[in-house]
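Student: My questions concern the predicted model and sequence given below.
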Amino acid sequence: MTNIEEQQEAYFVEIPMSLYFKTDEPVAIKDVAKSLLAIETIAKRFPGVITDLTGIDIDHYEISVSKIESGSLIEALGIMVFLSTPEQRQALFDFLETSPMGKPIKYSLMGLLALLLVSESYQLLTQFTKSDAPTIQGNHNTLIQITAEQIGTTPDEVRLALNNATQSKRKELVKAGLEVAAPIENHEDASLHAGESATSVSIPAAAIQEVPFDVDFGTYEHSISYIETLLQIRVLDRDSVDAGWKGMLPNVLGETRLKIYFDTDVDMQLVTTQPEVTVDATVTYRNDINRGTLVPKHITVTRIYQPQR
């Protein structure tokens, strides 16, 4: 215990965290700095994950660097977790000391959580880019299994804790996950491990090679075509096929109103006289990584059907 500025007793547990970057090549200082700042961003998710996995409420935390070693890079940090009552502090202390893996969990828990969150960010990224990443997927499942075994819970509980921790600001998490690995980006056969040595608790070289480090978050769109669906015209411009048109596809997008564009060979006469028409249309979606969903951008009409009499 110690006294804080408000003269109240603060209850805390200090937990070490180490990440080991296995590489045969020198690591740039700027990449080490980028990695450490990214770890600080990822650490914001630690309290929620710990609470979900242990049932212990975390007030706040402080993170500091204890050492950095060159060669195959070691980043060692200390994380001070603050709790509101001595009972909560004792509960966390008991969890760390009496988990199925015994005292070693105290020295690996934060490294495990960091690696899990980095791996989760790669999962989100590959879903966003639609890349095929079987090694990332398989290794992520392995990390979840190892974590569950070490802390005495189930893989489903670990997945739920990760899901809760990644519900908001997913883009921030993915960016941090990429930057944590900055020291080994573009290094051949490099890998990232929880701990101060090369262990099986890792993101291996094969998975690192599947990570799209050069992703451009602004470029990913997807188009889906719909046949013979109802188009409701809400705004029109008889003098233009490229601007001024808005409408809805109620059977596809509900009440979402979007801009409408028309292919050059579409007979526009039908939509200038009818408030509703049946069309073939393509909806262009933007993949929103923060919301984890496709967001419709606009409609392109490729065919307009003659109204049935």
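Tutor: Right, received. Where do you want to start?
Student: Just the buried residues of stretch 79-94, please?
Tutor: Buried residues in stretch 79-94, counted by 16 or more other Cβ atoms under 10 Å: 79, 81, 82, 83, 88, 89, 91, 92. Any C-beta I mention is one placed from the backbone N, CA and C, and that applies to glycine too.
Student: and what of stretch 15-24?
Tutor: Neighbour counts over stretch 15-24 (16+ other Cβ under 10 Å) mark 15, 16, 17, 18, 19, 20, 21, 22, 23 as buried.
Student: Now the residue nearest to the spatial centre of the chain: closest residue in space, sequence neighbours ignored.
Tutor: Centroid-nearest residue in the chain: residue 121, 3.7 Å away (criterion: Cα atoms, centre = their mean). For residue 121, ignoring the flanking residues on the chain, the nearest one in space by Cβ to Cβ, 6 or more residues apart in numbering is residue 177 at 2.8 Å.
Student: any idea how far the helix or strand harbouring that neighbour is from the chain center?
Tutor: Element membership for residue 177 (DSSP states H and E) is helix 170-180. When distances are taken as Cα atoms, centre = their mean, to the nearest Å, helix 170-180 is centred 7 Å away from the chain's centroid.
Student: ok, residue 114 to residue 86 distance?
Tutor: Separation of residue 114 from residue 86 (Cβ to Cβ, to the nearest Å): 28 Å.
Student: and which of the buried residues of stretch 79-94 is nearest residue 211?
Tutor: Nearest to residue 211, judged by Cβ to Cβ, of the buried residues of stretch 79-94 is residue 79 at 25.1 Å.
Student: so the closest one touches residue 43, yeah?
Tutor: Yes: using Cβ atoms under 8 Å, residue 79 is in contact with residue 43, at 6.8 Å.
Student: intersection of neighbour lists for the two?
Tutor: Residues touching both residue 79 and residue 43 (Cβ atoms under 8 Å, 6 or more residues apart in numbering) are 61, 63.
Student: thinking again about what came up before, helices - which of the buried residues of stretch 79-94 land there?
Tutor: 88, 89, 91, 92 (DSSP state H).
Student: which residues touch the nearest residue to the second one once chain neighbours are set aside?
Tutor: Nearest residue to residue 89 in three dimensions, chain neighbours excluded: residue 11, at 3.9 Å (Cβ to Cβ, 6+ apart). Applying Cβ under 8 Å, 6+ apart, one finds that residue 11 lies in contact with 1, 82, 83, 84, 85, 86, 88, 89.
Student: if you set the cut-off to 7 Å instead, what comes out?
Tutor: Neighbouring residues of residue 11 by Cβ atoms under 7 Å, 6 or more residues apart in numbering: 1, 82, 83, 85, 86, 88, 89.
Student: still on that earlier bit, helix, strand, or coil at the residue nearest to the centre of the chain?
Tutor: Judged by DSSP: H, G, I helix; E, B strand; the rest coil, the three-state class of residue 121 is helix.
Student: For residue 121, give its distance to residue 140.
Tutor: For residue 121, the distance to residue 140 - Cβ to Cβ - is 10 Å.
Student: My error: substitute residue 149 in the last question.
Tutor: 15 Å.
Student: for residue 80, same thing?
Tutor: 29 Å.
Student: cool, and residue 125?
Tutor: Applying Cβ to Cβ to residue 125 and residue 140 gives a distance of 12 Å.
Student: Which one's more surrounded, the two?
Tutor: Between residue 125 and residue 140, residue 125 has the larger neighbour count (other Cβ atoms under 10 Å), namely 26 against 23.
Student: pLDDT value on that one, please?
Tutor: The score at residue 125 is 89. That number is its pLDDT.
Student: My read is that it contacts residue 174, right?
Tutor: Yes: between residue 125 and residue 174 there is a contact under Cβ atoms under 7 Å: 4.9 Å.
Student: Now do stretch 139-155: distance to the chain's middle.
Tutor: Put simply, stretch 139-155 sits 19 Å off its chain's centre (Cα atoms, centre = their mean).
Student: doesn't residue 20 fall inside a strand?
Tutor: Yes: under three-state DSSP, residue 20 falls within a strand.
Student: Nearest residue to residue 222 in space, ignoring adjacent ones along the chain?
Tutor: Nearest to residue 222 is residue 285, by Cβ to Cβ, 6+ apart, at 5.0 Å.
Student: Kindly state the beta-bridge partners for the one you found.
Tutor: Taking DSSP bridges as the rule, residue 285 bridges to residue 222, residue 296.
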